[in-house]
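Novice: Okay, predicted coordinates and the sequence, questions at the end:
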Amino acid sequence: MFIEEKKIDELIKISHSAGKEILRIYNTKITKKIKKDRSPVTNADIAANKIICREIQKLYPEIPIISEESKKIDLRKRKTFWLIDPLDGTKEFLKRNGEFTVNIALISNKKPVFGIIYMPINSIIYFTKNKKSYSGKLKSNGILSKIKLIKTKKRKRNVMVVSRSHNLKKSEIKKKKVAFLNKFNSNKLIQSGSSIKFCLIASGVANIYPRYGTTMEWDTAAGDAILRNAGGRVVNLDRRTIKYGKKDFKNKSFIAKG
């Protein structure tokens, strides 16, 4: 599905509006609940979700929206839909370390064909347009500046990025670091929260991101779109490309590569 450039600008402004509300709560009072899956949800998740879903529905009333914080719908007869994570990296948000993002993706025929990842803490945004990926900076009014085409970068030894709150806990880093680096032919490891890891690979800062265990489609869709359009890919351990629109929205273990 093709998205007009004017509507890309509107979608970027939507991510900016959600990010402003997230930052307002981040700098005032955060409230938290625990969901059925034992993951945390905050008042910022809910507030950002309302903004994104409301505004996207105005732009594309005919396309259904799937969000982490909304009721899921039956997609069996739907080839195109939005996948939203209004606040990716809730654990990092609660730690107040700044490593959280707004994720917006469009899925068509089981593939992510458009993606936005916005980092409210520093106003940096990554997005796709015309089958290419870009980074930029958002001004206070949500207008793009410092736009830059991004591409993956090949190295003889990989720079690996892993999850800050999942793969390597502080008590395990020394024990697992050497084995992990050797397994993936890496000589450097970066830890980061949320979907920022996909952006690091797409922009050539890192080369590989292994993720073991279950993730949800809204965790990966925007990053997958950005990485694909920058020259990378996301595959399951059997080397098959991740597909979207699964009945339970669950991903298996995967490796994101530059």
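Specialist: The structure has been received and is ready for your questions. Residues are numbered from 1 along each chain as shown.

Novice: Could you pull out the helices in the stretch 101-250 of the chain for me?
Specialist: Ranges of helices in the stretch 101-250 of the chain, per DSSP state H, counting those that start in this stretch, are 173-183, 196-202, 217-229.

Novice: quick one, which of these is nearest to Glu55?
Specialist: Judged by Cβ to Cβ, the one of the helices of the stretch 101-250 of the chain that comes nearest to Glu55 is helix 217-229, at 16.2 Å. Placement of C-beta: from N, CA and C, glycine included.

Novice: returning to what we had before: just send the helices of the stretch 101-250 of the chain back as CSV, with distance to Ile208 and mean pLDDT too.
Specialist: Shown next, in CSV, are those (distance: least, Cβ to Cβ, whole Å; pLDDT from 0 to 100):
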stretch, distance to Ile208, mean pLDDT
helix 173-183, 10, 73
helix 196-202, 7, 98
helix 217-229, 11, 98
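
Novice: Out of those helices, which gets nearest to Ile190?
Specialist: Between Ile190 and these, the shortest separation by Cβ to Cβ is 6.7 Å, and it involves helix 196-202.

Novice: rewinding a little: would a markdown table of the helices of the stretch 101-250 of the chain with mean neighbour count be doable?
Specialist: Output for the helices of the stretch 101-250 of the chain, formatted as a markdown table (neighbours: other Cβ atoms under 10 Å):
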| stretch | mean neighbour count |
| --- | --- |
| helix 173-183 | 12 |
| helix 196-202 | 28 |
| helix 217-229 | 28 |
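
Novice: Looking at those, spot the one closest to Pro120.
Specialist: Nearest to Pro120 among these is helix 196-202; the distance by Cβ to Cβ comes to 11.9 Å.

Novice: coming back round to it: so which of the helices of the stretch 101-250 of the chain comes closest to Ile51?
Specialist: Smallest distance to Ile51 across the helices of the stretch 101-250 of the chain (Cβ to Cβ): 15.9 Å, for helix 217-229.

Novice: and that closest one, how far from the chain's centre?
Specialist: Here helix 217-229 shows a centroid-to-chain-centroid distance of 6 Å under the convention Cα atoms, centre = their mean, to the nearest Å.

Novice: try stretch 142-162
Specialist: For stretch 142-162, the gap between its own C-alpha mean and the chain's C-alpha mean amounts to 14 Å (Cα atoms, centre = their mean).
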